[in-house]
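Undergrad: pasting the sequence and the predicted model now:
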Amino acid sequence: MLVHLETRDGVATLTLDSPANRNALSTRLLAELLDALGQALGDDATRVLVLTGTGTVFCSGADLKEQAASGAPVTGAFPDVLRAIWDSPKPVICRLNGTARAGGLGLVAACDFAIAPDTATFAFSEVRLGVVPAMIAVTVLRRLDPRAASEYFLTGEVFDATRAVGIGLLTRAVPPGTLDDTVAHYTGMLLKGGPESLAITKRLVRTVPSMSVDEGLRQMADLSAERFTSAEGQEGISAFREKRPASWIPAPDGATGERPA
Ligand SMILES: CC(C)(COP(=O)([O-])OP(=O)([O-])OC[C@H]1O[C@@H](n2cnc3c(N)ncnc32)[C@H](O)[C@@H]1OP(=O)([O-])[O-])[C@@H](O)C(=O)NCCC(=O)NCCSC(=O)C[C@@](C)(O)CC(=O)[O-]
């Protein structure tokens, strides 16, 4: 297997495991990743997804050897993988085990959080290969500062993790020894949120900026009122008043946040 899925305590960890080619996005790895994403997203017990890799590199982008051998463009399941991560109602954390390049950065940008060791390096190396960062532009350009997008897309230059945080590609760059603690800190915070509220808030982050102020306030006032009377909202507010942790329960149909009987 090139992708492993392990679920524990509400957290599904998906691990790219093809270190010999630096977790390159081969047709097989992409198919397995899409399958693992489907399993994790369909599992009611999963509340947060963590995407990571083995070895020193998180992902080296498109599998250049497979491309060369096939003689034809190999897109595989990459668009479906990016869509599954981007549209996931459950928060997705990218735990970069190391460096990433090109297509690998499309995955990083699709995730809600990206935490990397401060020793990792990054590059949008496509133009240096005579190809273009086309599919990844769809996720990356929704994260990156526009000046930085022009700079790094057009030059293909390598940049470090501190710069990657500064331009919006990463959430945090941390000393390698503290990577797992930082990821655990974020998953812990996410597990405290109402699952339905998290899914809706993810959608808000993406859709509200493109609404007019008038349209936004009209839609959001309705949504806000609806959430205060939802089962999840009532459980959260009761828990606050009773000075206890909220108890979130996923319902069997995939709706979440029903108050326990
Ligand atoms: C990642 C580092 C920095 C690690 O650097 P390193 O750790 O020093 O590793 P290395 O360069 O010594 O490579 C180790 C092995 O991994 C292989 N390898 C390494 N990368 C790939 C790859 N992508 N595909 C297939 N094999 C790869 C490489 O060929 C070598 O195999 P060996 O020679 O031992 O048999 C370095 O290996 C590197 O720069 N790799 C190339 C990265 C790159 O330019 N990727 C561009 C892919 S194009 C792309 O992603 C297009 C896309 C998807 O964005 C288009 C779109 O969005 O539409």
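TA: Nice, I can see it.

Undergrad: got the contact list for K90?
TA: Contacts for K90 (Cβ atoms under 8 Å, 6 or more residues apart in numbering) come out as 40-41, 46-49, 195, 198-199. All C-beta spots, glycine's among them, are computed from the backbone N, C-alpha and C.

Undergrad: up against the ligand, what does the protein have?
TA: Within reach of the ligand by Cβ under 6 Å from any ligand atom, the chain has these residues: 21-22, 24, 56-57, 60-65, 99, 101-103, 106, 125-126, 129, 131, 133-136.

Undergrad: go again using 5 Å as the cut-off
TA: Applying Cβ under 5 Å from any ligand atom, we find that the chain lies next to the ligand at 21-22, 24, 57, 60-65, 101-103, 125, 133-136.

Undergrad: narrow those residues to those in helices?
TA: With DSSP state H as the criterion, helices contain 64-65, 103, 134-136 from among those.

Undergrad: separate out the buried members of those.
TA: 64, 103, 135-136 (16 or more other Cβ atoms under 10 Å).

Undergrad: how about those residues in a markdown table, adding pLDDT?
TA: Below are those laid out as a markdown table (pLDDT from 0 to 100):
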| residue | pLDDT |
| --- | --- |
| L64 | 97 |
| G103 | 98 |
| M135 | 98 |
| I136 | 98 |
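
Undergrad: hang on, the earlier thing: got the contacts of K90 as a markdown table, with neighbour count and pLDDT columns?
TA: Shown next, in a markdown table, are those (neighbours: other Cβ atoms under 10 Å; pLDDT from 0 to 100):
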| residue | neighbour count | pLDDT |
| --- | --- | --- |
| A40 | 25 | 98 |
| L41 | 18 | 98 |
| T46 | 19 | 96 |
| R47 | 22 | 96 |
| V48 | 27 | 98 |
| L49 | 27 | 98 |
| P195 | 26 | 96 |
| L198 | 23 | 97 |
| A199 | 18 | 96 |
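
Undergrad: would you turn these into a markdown table with secondary structure?
TA: Output for those, formatted as a markdown table (DSSP: H, G, I helix; E, B strand; the rest coil):
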| residue | secondary structure |
| --- | --- |
| A40 | helix |
| L41 | helix |
| T46 | coil |
| R47 | coil |
| V48 | strand |
| L49 | strand |
| P195 | helix |
| L198 | helix |
| A199 | helix |
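
Undergrad: what's in contact with the helix or strand that contains D35?
TA: For D35, the host element (DSSP states H and E) is helix 27-42. Helix 27-42 has contacts (Cβ under 8 Å, 6+ apart) with 1-5, 7, 12, 14, 16, 18, 23, 46, 49, 63, 66, 74, 76-78, 80-81, 84-85, 88-90.

Undergrad: give the contact list for the nearest residue to V127 once chain neighbours are set aside.
TA: Distances taken as Cβ to Cβ, 6 or more residues apart in numbering put G156 closest to V127, at 5.1 Å, once the chain neighbours are dropped. By Cβ under 8 Å, 6+ apart, the contact list for G156 reads 123-128.

Undergrad: pick the one among those residues closest to the ligand.
TA: The shortest approach to the ligand among these belongs to S125, at 3.7 Å (Cβ to the nearest ligand atom).

Undergrad: quick one: the helices in the stretch 51-200 of the chain?
TA: For the stretch 51-200 of the chain, applying DSSP state H, counting those that start in this stretch gives helices covering 64-70, 78-86, 103-110, 134-140, 146-155, 161-166, 179-191, 195-207.

Undergrad: buried deepest among those, which one?
TA: helix 103-110 (a mean of 27; mean count of other Cβ atoms under 10 Å).

Undergrad: compute the inter-axis angle for that helix and helix 78-86.
TA: Helix 103-110 runs at 30 degrees relative to helix 78-86, counting by axes from the mean of the first three to the mean of the last three Cα atoms, to 10 degrees.

Undergrad: run the chain-centre distance for helix 103-110.
TA: Computed by Cα atoms, centre = their mean, to the nearest Å, the chain-centroid distance of helix 103-110 equals 8 Å.
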